[in-house]
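Participant: Give the three-dimensional model of this entry:
(chains A, B, C, D, E and F)
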Number of protein chains: 4
Amino acid sequence: MGEMMDVEVGDHKAMRRRAIVDAAIEIFAERGFHSARVSDIASAAGVADGTIYLYFRSKDDILITIFEEKMAEMIRWMQDALAPCNHWEERLRVFSTKHLDVVEQNPSLASVLQVELRLSNKFMKEYVPRRLQAYLDLVGDILIEGQKLGQIRADVNPVIVRRALFGALDEIAMQWVLSDRRYTLVDTARQVAEVFISGLRVEGRG
Amino acid sequence: MGEMMDVEVGDHKAMRRRAIVDAAIEIFAERGFHSARVSDIASAAGVADGTIYLYFRSKDDILITIFEEKMAEMIRWMQDALAPCNHWEERLRVFSTKHLDVVEQNPSLASVLQVELRLSNKFMKEYVPRRLQAYLDLVGDILIEGQKLGQIRADVNPVIVRRALFGALDEIAMQWVLSDRRYTLVDTARQVAEVFISGLRVEGRG
Amino acid sequence: MGEMMDVEVGDHKAMRRRAIVDAAIEIFAERGFHSARVSDIASAAGVADGTIYLYFRSKDDILITIFEEKMAEMIRWMQDALAPCNHWEERLRVFSTKHLDVVEQNPSLASVLQVELRLSNKFMKEYVPRRLQAYLDLVGDILIEGQKLGQIRADVNPVIVRRALFGALDEIAMQWVLSDRRYTLVDTARQVAEVFISGLRVEGRG
Amino acid sequence: MGEMMDVEVGDHKAMRRRAIVDAAIEIFAERGFHSARVSDIASAAGVADGTIYLYFRSKDDILITIFEEKMAEMIRWMQDALAPCNHWEERLRVFSTKHLDVVEQNPSLASVLQVELRLSNKFMKEYVPRRLQAYLDLVGDILIEGQKLGQIRADVNPVIVRRALFGALDEIAMQWVLSDRRYTLVDTARQVAEVFISGLRVEGRG
DNA sequence: AATGAATGAGGTTTCATTCAT
DNA sequence: GATGAATGAAACCTCATTCAT
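Facilitator: Below is the predicted model of the structure:
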């Protein structure tokens, strides 16, 4: 029974935690991190204000947690999407498409990750790079692979290009998030991918 | 004498205003908009707290002013830089270089424009688009021109590509701003430009 | 237990609220509304500054609440005092006496209601008339009754006279509140009542 | 020439002072003393903010000055109005009528004297009584005279009755000031006077 | 004498966090 | 574990007053 209880309690705690995180994503996306009140998150999550602090150290900690957990999730989603693709061109295309697809499916999360996380330099300096690095590495690895095959120009720096591609997609995502979200991002993703792929391909090969 | 006085007074007021704007840019860049206290700006500008409110309606108004005035300035700088260039490829190269050059010369301003302005969706929706539009139009016009000449693929949407290029440069700029700023951005700018130019050129022409 | 708890909690909240209102009456009477600081009220009520805002929307709201609640209470007191009296002369005498008796028993409240509520025309226009009307109606009804009996001159307007009587009592009350409060108001009340009663009685009847 | 200059300068100063006082009466009446800004008064008077302080020690001092000077003026007006009347009844009638006539002719002044002056207990305790005393004495003297003639009941205290009459008129004036001021006060004044006169007259004499 | 730009003290209010129940 | 009432620090902004010109 102890075991069952533990499981149940564990489930209960995990569910509560998840409810708070999900509520926070919505509230942060709606109001912005600074304007969002902890009590808003609490009531959206259906818990008392004080309960938040049984699961998180502080309001900041909730934001950090969102970033840490959701980036890990995004990395897994992206790895799964990239798994079936072999050629670097296809992998780059899939990366673009999947990235904007995730944004489209999770607009609130995208809004928080893109807009709210940039609030504070300190925050950006301390928490973002580590996790973002792993995500960017997914692009970087594609580029390095292409260069090894001699199919991507040797004169471009993968570190720069991966950041550029991410920035291009991120900007387009932000625009979409801030807009009325009426258009679809899939075509956009494809066009951006094509420009980058053509731009990276060794000359004369296309 | 009245005229001289007016000029002097005008100078004085303009100088004060500028001092406050400059101080605000530094403080916002250091601490972030929300964490920055009006009294920090005041003391950085060498004025009393209340003096701020002789020049600006509110703390928000300072941020809006920075955006409005500095974006106008950036547009002028960019126009001047683009003026001598005729070919779209060169113009795109100059746009990238100049953009990151301005960032490099005004890191605090860049930090504020890139990071702090994204604070609130409302802010982004109301103030950013108008001014940013004009800046993005500079890129868009280059692309449209290249398409008219039949030198840029017809199958890319200038509205998407200009946003992608801006996002690529912006992300790189942000990374630089948040980093220790030890490296120079000029090579980076060039590489990004080359990828985009090659990517946009009609096939077989490179 | 839930019920008991509710009662207890209700009591607790009601007591807190009452403590704040009572403290506010004292502080407003001592210092005046504008000079009174919310933190003065808080410390007089034995609560933290922020606690005030769990019970009232704003400092203004406290003043409005005092007026609304205390006027209702005064009306009840007055109705109870008038209940046993049948003749309009006796009723007018009781009204005067009771009004100044309430002032004498609640000098701080009287001070707030009489002095502080007149702070702003807007305030007077919006909140005072409704409640004050009901109080003045108590006098008006007495006068109308006396006129119906043919015992009060038909040539006086009850609306004017009730206002005049209220003003006479109010001015005497204010004077007493602002003075050292060493004398008693009961004789004064009686004299004012006699002048009005004689003045209202149809000629030759006294 | 020196004399002329002095006169001119004296006139100029007096005019400026008067302009400031008049402006202050309007602004205080419109906005209330606390909400009125010194700079509002200055611009209404057509002078610079700092100029106010060449004529008055402080914002409070302006209010005190209004009270002191205007009450003296009112006393003179009232004395002039009472001069032709001999009988106490007529004098009381004239007092009521003139008092409300002055209110009607100077609503802003009336508003300030009646509403704004009562803001602070300290103010009321320190400045009001002295000047108000002289005004109330005008009524008191009428009553004492009537009692000496054996025409006013000996059992009423002039000190109480004068305060009651003043309060009655004051309340009616305030009501009028706060209302839309569409009705005229002259009938009201007469009715109040009649009630008091009848009420004071020794019985059986009416 | 007049100006008006500058000052800076001061107060209301919010809200993240705590802790007794 | 959960609650939510209470806390109290912190900051924007106003405006009476000053003083260099």
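
Participant: need the longest helix for chain A.
Facilitator: helix A:2-31 (DSSP state H).

Participant: Mind telling me which residue of chain A is nearest DNA strand F?
Facilitator: Proximity of chain A to DNA strand F (CB to the nearest atom of the strand) peaks at A:Gly50, 1.7 Å away. C-betas here are computed from N, CA, C, even on glycine.

Participant: Now do the nearest residue to A:Pro158 once chain neighbours are set aside against chain D, distance only.
Facilitator: Nearest-residue entry for A:Pro158: A:Leu143, 4.0 Å, with adjacent residues in sequence omitted and distances by CB to CB, 6 or more residues apart in numbering or on different chains. As judged by CB to the nearest CB, to the nearest Å, A:Leu143 and chain D stand 64 Å apart.

Participant: Packing partners of the host helix or strand of A:Leu143?
Facilitator: Using DSSP states H and E, A:Leu143 falls within helix A:128-148. Applying 3 or more CB pairs under 8 Å, 6 or more residues apart in numbering or on different chains; DSSP states H and E, one finds that helix A:128-148 contacts helix A:59-82, helix A:88-105, helix A:158-178.

Participant: Tell me which of those sits most buried.
Facilitator: Sort these by mean neighbour count, taking mean count of other CB atoms under 10 Å in any protein chain shown, and helix A:158-178 sits at the top with a mean of 23.

Participant: Kindly format the C-alpha coordinates of that one as PDB.
Facilitator: C-alpha atoms of helix A:158-178 as PDB (Å, rounded to 0.1, in the frame of the first residue of the first chain):
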ATOM      1  CA  PRO A 158      28.600  26.500 -38.500                       C
ATOM      2  CA  VAL A 159      28.500  28.400 -35.200                       C
ATOM      3  CA  ILE A 160      27.400  31.500 -37.000                       C
ATOM      4  CA  VAL A 161      25.100  29.900 -39.500                       C
ATOM      5  CA  ARG A 162      23.200  27.900 -36.900                       C
ATOM      6  CA  ARG A 163      22.600  31.100 -34.900                       C
ATOM      7  CA  ALA A 164      21.500  32.800 -38.000                       C
ATOM      8  CA  LEU A 165      19.000  30.100 -38.900                       C
ATOM      9  CA  PHE A 166      17.700  30.000 -35.400                       C
ATOM     10  CA  GLY A 167      17.400  33.800 -35.400                       C
ATOM     11  CA  ALA A 168      15.500  33.800 -38.700                       C
ATOM     12  CA  LEU A 169      13.100  31.200 -37.500                       C
ATOM     13  CA  ASP A 170      12.700  32.900 -34.100                       C
ATOM     14  CA  GLU A 171      12.000  36.300 -35.500                       C
ATOM     15  CA  ILE A 172       9.300  34.800 -37.800                       C
ATOM     16  CA  ALA A 173       7.900  32.900 -34.900                       C
ATOM     17  CA  MET A 174       7.800  36.000 -32.700                       C
ATOM     18  CA  GLN A 175       6.000  37.900 -35.500                       C
ATOM     19  CA  TRP A 176       3.500  35.200 -35.800                       C
ATOM     20  CA  VAL A 177       3.000  35.000 -32.000                       C
ATOM     21  CA  LEU A 178       2.500  38.700 -31.800                       C
END
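
Participant: one step back: could you give the angle of the helix holding A:Leu143 to helix A:88-105?
Facilitator: Angle of helix A:128-148 versus helix A:88-105, following axes from the mean of the first three to the mean of the last three CA atoms, to 10 degrees, is 150 degrees.

Participant: ok so, going back, report all helices and strands that the helix or strand where the residue of chain A closest to DNA strand F lies contacts.
Facilitator: Secondary structure assignment for A:Gly50, by DSSP H and E: helix A:49-55. In terms of contacts (3+ CB pairs under 8 Å, 6+ apart), helix A:49-55 is packed against helix A:2-31, helix A:38-45.

Participant: Say whether DNA strand E is contacted by the first one.
Facilitator: No. No part of helix A:2-31 sits close enough to DNA strand E to count as contact by CB under 7 Å from any atom of the strand; the gap is at least 9.2 Å.

Participant: Run the chain-centre distance for that helix.
Facilitator: 20 Å (CA atoms, centre = their mean, to the nearest Å).

Participant: Hey, what's the angle from it to helix A:158-178? Just curious.
Facilitator: 80 degrees.

Participant: Give the buried residues for helix A:2-31.
Facilitator: A:16-17, A:19-29, A:31 (16 or more other CB atoms under 10 Å in any protein chain shown).

Participant: I'd say A:Glu104 and A:Tyr183 touch.
Facilitator: No. Between A:Glu104 and A:Tyr183 no contact is recorded; they are 10.0 Å apart, counting by CB atoms under 8 Å.

Participant: any common contacting residues for the two?
Facilitator: A:Trp176 (CB atoms under 8 Å, 6 or more residues apart in numbering or on different chains).

Participant: just to revisit the earlier point, can the helices and strands packed on helix A:128-148 go into CSV with extra columns for distance to DNA strand F?
Facilitator: Compiled in CSV, these are given as follows (distance: least, CB to the nearest atom of the strand, whole Å):
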stretch, distance to DNA strand F
helix A:59-82, 13
helix A:88-105, 29
helix A:158-178, 24
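
Participant: Mean pLDDT and distance to DNA strand E added to those helices, as CSV?
Facilitator: Output for the helices and strands packed on helix A:128-148, formatted as CSV (pLDDT from 0 to 100; distance: least, CB to the nearest atom of the strand, whole Å):
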stretch, mean pLDDT, distance to DNA strand E
helix A:59-82, 94, 4
helix A:88-105, 97, 26
helix A:158-178, 92, 22
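
Participant: Identify whichever of those lies nearest to D:Met174.
Facilitator: D:Met174 lies closest, by CB to CB, to one member of the helices and strands packed on helix A:128-148: helix A:59-82, at 51.2 Å.

Participant: Outline the domain layout of chain A.
Facilitator: A:1-56, A:62-200 (automatic domain parsing).

Participant: Arrange the ones you listed in JSON lines, one row each, with distance to B:Ala72 as further columns.
Facilitator: Converted to JSON lines, these look like this (distance: least, CB to CB, whole Å):
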{"stretch": "domain A:1-56", "distance to B:Ala72": "26"}
{"stretch": "domain A:62-200", "distance to B:Ala72": "21"}
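
Participant: from chain A, which residue is nearest to chain D?
Facilitator: A:Ser35 (29.8 Å; CB to the nearest CB).

Participant: Backbone dihedrals for that residue, please?
Facilitator: Main-chain dihedrals, A:Ser35, degrees, to the nearest 10: phi -80, psi -20.

Participant: With A:Ala36 instead?
Facilitator: phi -70, psi 130.

Participant: count of neighbours near A:Arg201?
Facilitator: 20 (other CB atoms under 10 Å in any protein chain shown).

Participant: check contacts around it.
Facilitator: Counted by CB under 8 Å, 6+ apart, A:Arg201 has contacts A:Glu89, A:Gln151, A:Ile152, A:Arg153, B:Ser198.
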